[in-house]
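> Quick one, fold the following:
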Amino acid sequence: MKHPTVILHTNAPDEAVTIVAEQHPDLPLHGCDSYEALPGLIAGTGAEVIYSVRFQGGPGYPAAAALSPPVRWLSVGGSGVDHLGAWDPQAVTVTNAAGVAADMMAEYALGTALSFTLDLARYRRDQAARAWDPDAGVEPLEGKTCLILGLGKTGHAVARRMKAMGLHVIGVRARPKPTANCDEVHGMAALPDLWARADVLVICVPLLPSTRGIVDGAAFAAMKPTAILVDVSRGGVIEEAPLLEALQTGRIRGGARDVYAQEPLPPESPFWDLPNLILTPHSSAVYDGWAARSVRMFAENLGRYRRGEPLSNIVDPTRGY
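All right, here's what the predicted structure looks like:
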């Protein structure tokens with residue numbers, strides 16, 4: 001049984017230490033609540049294992065220290081690893097918490113799509129104006145087509161909900177294969193022929209060289225003017241200039257964005273002013289209890305590590321997930 005020194009690197013390390021200590025009371029556990037302090041703590045403790053959440057955003061994250069000796073295993077508390085850069089999988093193992101927020105993000109995707117088909121913004125305006133318009137009506141989501149870009153755990157959760165709502169579900173993944181709750185599954189090369197079919201486009205791919213800017217001007221030019229876009233991926237997957245133009249000109253109906261190329265989104269960004277955009281601050285995965293659930297996933301994986309068993313959710317640095 002291994003007895004590694006462990007660092008819990010979060011904005012609430014005391015809670016994380018308490019959770020891990022419940023399963024591993026014999027291990028030396030150290031909390032850290034800043035990016036700046038992490039390299040020194042690693043050097044001072046000789047920590048072999050780090051659980052880390054990107055709680056201050058990507059800029060300034062001490063990836064070099066977290067991926068270098070004595071660290072042998074870096075457990076990322078979320079799903080994205082684009083803030084780490086490259087690493088040698090022979091020297092350090094990286095895992096993530098993929099799935100910890102998949103259901104919540106899928107609810108976000110469904111809920112924001114419904115807000116457009118039900119035209120809730122119009123009803124709020126009518127309510128504020130005390131306007132009674134019973135003929136305005138609503139629009140069914142059933143029978144429409146949902147295109148899901150990325151069929152990881154979040155994409156699977158989105159597909160399950162969209163299929164239950166009666167949509168035709170098209171999935172796109174790097175390695176296409178039959179997938180539950182998807183009527184069709186295609187590779188990335190098929191996207192030029194798929195944009196025009198989407199009534200709802202849900203983007204949940206990781207940010208990789210192959211996905212950076214994949215939703216570009218050509219994609220928006222091909223989409224239906226009634227299309228609804230939901231982005232729960234990473235800033236950089238969508239090219240922001242053509243998205244802004246598409247929303248401003250009505251080239252697409254509207255969208256919901258939870259991720260941006262620059263976070264926090266600058267106050268001067270024109271995206272703030274768009275009436276057909278639901279703008280949220282990278283919070284679609286932030287539900288009550290998610291942090292504790294992520295730490296518990298890590299604690300279970302730590303048991304595997306100590307017993308010399310294969311770890312769950314190992315990230316392939318070549319694929320990025």
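> for stretch 67-84, what is the average pLDDT?
For stretch 67-84, mean pLDDT rounds to 94.
> Do me a favour and get the end-to-end distance for that stretch?
In terms of CA to CA, to the nearest Å, the two terminal residues of stretch 67-84 are separated by 8 Å.
> Who's the closest spatial neighbour of the residue nearest to the spatial centre of the chain, skipping the chain neighbours?
Central residue of the chain (CA atoms, centre = their mean): residue 233, 4.6 Å from the mean position. Spatial nearest neighbour of residue 233, excluding adjacent residues (CB to CB, 6 or more residues apart in numbering): residue 203 at 4.6 Å. All C-beta spots, glycine's among them, are computed from the backbone N, C-alpha and C.
> wait, what's in contact with the one you found?
149-150, 215, 229-233, 237-238 (CB atoms under 8 Å, 6 or more residues apart in numbering).
> For residue 185, give its distance to residue 169.
Distance of residue 185 to residue 169, given as CB to CB, to the nearest Å: 9 Å.
> got any ranges where this protein has weak pLDDT?
Of all residues in the chain, none has pLDDT under 70.
> wait, what's in contact with the residue of it most remote from its centre?
Among the C-alpha atoms of the chain, the one farthest from their average position, using CA atoms, centre = their mean, is that of residue 132, at 39.2 Å. For residue 132, the contact set (CB under 8 Å, 6+ apart) comprises residue 126.
> Tell me if I am right that it is in a strand.
No: the assignment for residue 132, made by DSSP: H, G, I helix; E, B strand; the rest coil, is coil rather than a strand.
> coming back round to it: please pick the buried ones from the contacts of residue 203.
149-150, 215, 229-233, 237-238 (16 or more other CB atoms under 10 Å).
> closest to residue 261 among the residues you listed?
residue 238 (8.5 Å; CB to CB).
> Thought residue 231 was touching the closest one, still the case?
Yes: Residue 238 lies in contact with residue 231 (CB atoms under 8 Å); the separation is 5.9 Å.
> From residue 147, how far off is residue 42?
Distance from residue 42 to residue 147, by CB to CB: 43 Å.
> okay, these two: which has more neighbours?
residue 147 (27 against 24; other CB atoms under 10 Å).
> Would you confirm that the more buried one belongs to a helix?
No: Residue 147 is assigned strand when assessed by three-state DSSP, not a helix.
> Bridging across strands, which residues link to it?
residue 170, residue 201 (DSSP bridges).
> Contacts only, for it.
170, 172, 194-195, 197-198, 200-202.
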